[in-house]
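Visitor: One predicted model, sequence on top.
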Amino acid sequence: MTTRTETARVDPPIESRDDLIAIFASGEKPVDAWRIGTEHEKFVYRTADHHAPSYDEPGGIRDLLNAMTEYGWQPVEENGNVIALTGPDGAISLEPAGQLELSGAPRENLHQTCIEAGRHLKQAKQLGERLGLGFLGLGMWPDKARADLPVMPKGRYKIMLNYMPKVGSLGLDMMLRTCTIQVNLDYESEADMAQKFRVGLALQPLATALFANSPFTEGKPNGFRSFRSHIWSDTDPDRTGMLPFVFEDGFGYERYLDYALDVPMYFVYRDGKYIDVAGRSFRDFLDGRLPELPGEKPVKSDFTDHLSTIFPEVRLKNYLEMRGADGGKWGRICALPALWVGLLYDASARDAAWDEVKHWSLDERQRLRDAVPREGLTAMTPAGESLRDFGRRILAIAEAGLAARARLNGAGDSETGFLDPLRETLASGETPADRLLRRYQGEWGGDIRHIYDEESF
């Protein structure tokens, strides 16, 4: 989740609606400047007893962040607490209960992306051995209740934790108990953005199924393959969902702006502090009618902050974010960007993928999205085939898109190898969640503690 490092007052004021549209338009880049940004979260636990460490305890989250500076990371503080780090590999930040996230730097190809992920995980593991910490690659804490989890000292989280229960029953679980992998991609123009948004949104249920990895709650099967995905269905209806308007004729920056302005605010950042404005209207803020800041109008970073508090399956900032996947281990951190780069960064692949889904109705898209958290790859597409069979064709399209990019590493390998974990999933029909459930019911003998041995980095 976004970490602020400066006060909004240094930003230019928003003078008109055009200033907000310009934020989206600023992301337009020629094809040769397109980059890949990969974000991945992991759960931190104490190896001695598997508890989630607090920020302050010896060898806890603060000590982990401070130790990361040994690798050249620069600390970011809030109220005297180190709450993030910046460096050549992007930024390291904390989710609300101490989940550790790398928001990777923009990379030219998937080889660089995977090297970056491996470098970060190596650093984390080296420090973890010294501090007695481990890192778990799943979509949801498999054994922790909300009450078992600490809260990190970030001002925005206090505001969000207070607001979430007012608008949904599972928002606190989203904040405290989940992890994801996310991919950020560029676009050339407004039309290119709209096409990528549509394809990404329509295919997000497939990504959710392929990466489904959250079948346990508090030590027991929860009836889902991706409970993390189900959580979003009851987090906050104002800021989540499949966004039907994306598939309407004429969709572009203006329509997404209208949507974003209608999403209630959480906070405004001023002079190093977060001001609670939860539930207020950004439209009122534009008119200088925000009760907490009477007469004051927003600046650019206020709106970029606001965009970061909107949580649809695909999100627009000045790049596009693919947000449907559960957290997972190293190979899947590389596989998710491979899937979306293959589908969206080659025009022929993008057109072929759209041909597969363009005839689906809004109701059919929603039914598939609703079915996937429980059913995974056995969910049926609107055409009446299993998501597994459908996924084989989509993966072939992604592979062709990656092959067309012809981005080779020093050994002459293309990017297509990064799809191997997804090939294996489709060949077996077994999602990561299915595999975990099979082991839980088999050799684990119903003892969830084995998951720490098998799913840690």
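Guide: Perfect, I can see it now. Everything quoted here is computed from the prediction, not taken from an experiment. Numbers count the residues shown, from 1 in each chain.
Visitor: all contacts plus neighbour counts: C-alpha atoms, from now on.
Guide: Fine.
Visitor: Look at residue 72 and say how many residues are nearby.
Guide: By other CA atoms under 10 Å, 12 other residues sit near residue 72.
Visitor: Name the next helix or strand downstream of the lengthiest strand in the chain, please.
Guide: Counting residues, the longest strand found in the chain (DSSP state E) is strand 36-46. Under the assignment DSSP states H and E, the closest C-terminal helix or strand after strand 36-46 is helix 61-68.
Visitor: what distance separates the helix or strand just after that following helix from the centre of its chain?
Guide: Downstream of helix 61-68, the first helix or strand assigned by DSSP H and E is strand 74-78. Relative to the centre of its chain, strand 74-78 is centred 22 Å away, using CA atoms, centre = their mean, to the nearest Å.
Visitor: ok so, going back, the longest strand of the chain to helix 61-68, inter-axis angle?
Guide: For strand 36-46 against helix 61-68, the angle between stretch directions is 130 degrees (axes from the mean of the first three to the mean of the last three CA atoms, to 10 degrees).
Visitor: on contacts alone, who are the packing partners of strand 36-46?
Guide: Counting contacts by 3 or more CA pairs under 8 Å, 6 or more residues apart in numbering; DSSP states H and E, strand 36-46 packs against strand 100-104, helix 110-131, strand 133-136, strand 180-185, helix 330-344.
Visitor: Show me which positions of whichever helix or strand residue 421 is part of end up buried.
Guide: Element membership of residue 421 [criterion: DSSP H and E] is helix 420-428. Judged by neighbour count using 16 or more other CA atoms under 10 Å, the buried positions of helix 420-428 are 421-423, 425-426.
Visitor: For burial, what's the neighbour tally of the residue lying closest to residue 376 once chain neighbours are set aside?
Guide: Closest residue in space to residue 376, ignoring its immediate chain neighbours: residue 209 at 4.5 Å, by CA to CA, 6 or more residues apart in numbering. By other CA under 10 Å, the residues close to residue 209 number 33.
Visitor: Would you confirm that residue 209 contacts residue 372?
Guide: Yes: using CA atoms under 8 Å, residue 209 makes contact with residue 372 at a distance of 6.1 Å.
Visitor: Quick check: neighbours shared by these two?
Guide: Residues touching both residue 209 and residue 372 by CA atoms under 8 Å, 6 or more residues apart in numbering: residue 226.
Visitor: List the contacts of stretch 342-354.
Guide: Residues outside stretch 342-354 that contact it (CA under 8 Å, 6+ apart) are 196, 199-200, 394, 397-402, 404-405.
Visitor: still on that earlier bit, which other residues reach the longest strand of the chain?
Guide: Strand 36-46 is contacted by residues 51-53, 98-110, 113, 132-138, 141, 179-186, 327-328, 333, 337, 341 when judged by CA under 8 Å, 6+ apart.
Visitor: does residue 204 belong to a helix or a strand, and which?
Guide: Element membership for residue 204 (DSSP H and E) is helix 190-210.
Visitor: between that helix and helix 420-428, what angle do the directions make?
Guide: In terms of direction (the same axes, to 10 degrees), helix 190-210 departs from helix 420-428 by 60 degrees.
Visitor: Which elements pack onto helix 190-210?
Guide: Identification of packing neighbours for helix 190-210 by 3+ CA pairs under 8 Å, 6+ apart yields strand 314-316, strand 320-326, helix 330-344, helix 347-357, helix 362-375, helix 420-428.
Visitor: For residue 264, give me its contacts.
Guide: Contacts of residue 264 were listed using CA under 8 Å, 6+ apart, and they are 238, 278-282.
Visitor: do the same with residue 380
Guide: Neighbour list for residue 380: 368, 386-387 [criterion: CA under 8 Å, 6+ apart].
Visitor: likewise residue 368?
Guide: Residues in contact with residue 368, defined by CA under 8 Å, 6+ apart, are 205, 379-382.
Visitor: any low-confidence regions in the stretch 1-150 of the chain?
Guide: By pLDDT under 70, the weakly predicted segments of the stretch 1-150 of the chain are 1-9.
Visitor: Next, the contact list for residue 88, please.
Guide: Counted by CA under 8 Å, 6+ apart, residue 88 has contacts residue 105.
Visitor: which phi and psi does it have?
Guide: Dihedral angles of residue 88 (phi, psi; degrees, to the nearest 10) stand at phi -60, psi -20.
Visitor: need the contact list for the closest residue in space to residue 131 that isn't next to it in sequence.
Guide: Nearest residue to residue 131 in three dimensions, chain neighbours excluded: residue 59, at 5.2 Å (CA to CA, 6+ apart). Residues in contact with residue 59 (CA under 8 Å, 6+ apart) are 131-133.
Visitor: Verify the stated contact: residue 104 with residue 87.
Guide: No: between residue 104 and residue 87 there is no contact under CA under 8 Å: 9.6 Å.
Visitor: Which one's more surrounded, those two?
Guide: Between residue 104 and residue 87, counted using other CA under 10 Å, the more crowded position is residue 104 (23 against 15).
Visitor: what's the first-to-last distance across stretch 441-457?
Guide: Counting by CA to CA, to the nearest Å, you get 23 Å between the two ends of stretch 441-457.
Visitor: quick revisit: tell me what the helix holding residue 421 is packed against?
Guide: Here helix 420-428 is seen to pack against helix 190-210, helix 330-344, helix 387-405 when contacts are counted using 3+ CA pairs under 8 Å, 6+ apart.
Visitor: Redo those helices as TSV? Include mean pLDDT.
Guide: Shown next, in TSV, are these (pLDDT from 0 to 100):
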stretch	mean pLDDT
helix 190-210	98
helix 330-344	98
helix 387-405	98
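Visitor: CSV for these, including distance to residue 288?
Guide: Output for these, formatted as CSV (distance: least, CA to CA, whole Å):
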stretch, distance to residue 288
helix 190-210, 30
helix 330-344, 40
helix 387-405, 47
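Visitor: In space, what's closest to residue 105 - neighbours in sequence excluded?
Guide: Among residues not flanking residue 105 along the chain, residue 90 sits closest, at 4.2 Å (CA to CA, 6+ apart).
Visitor: phi, psi of the one you found?
Guide: In this entry, residue 90 is assigned phi and psi values of phi 110, psi -130 (degrees, to the nearest 10).
Visitor: number of nearby residues for it?
Guide: With other CA under 10 Å as criterion, residue 90 counts 18.
Visitor: Please apply the same query to residue 434.
Guide: Neighbours around residue 434, by other CA under 10 Å: 19.
Visitor: Tell me how far the helix or strand containing it lies from the chain's centre.
Guide: Using DSSP H and E, residue 434 sits within helix 432-441. Its chain's C-alpha centre and that of helix 432-441 lie 23 Å apart, by CA atoms, centre = their mean.
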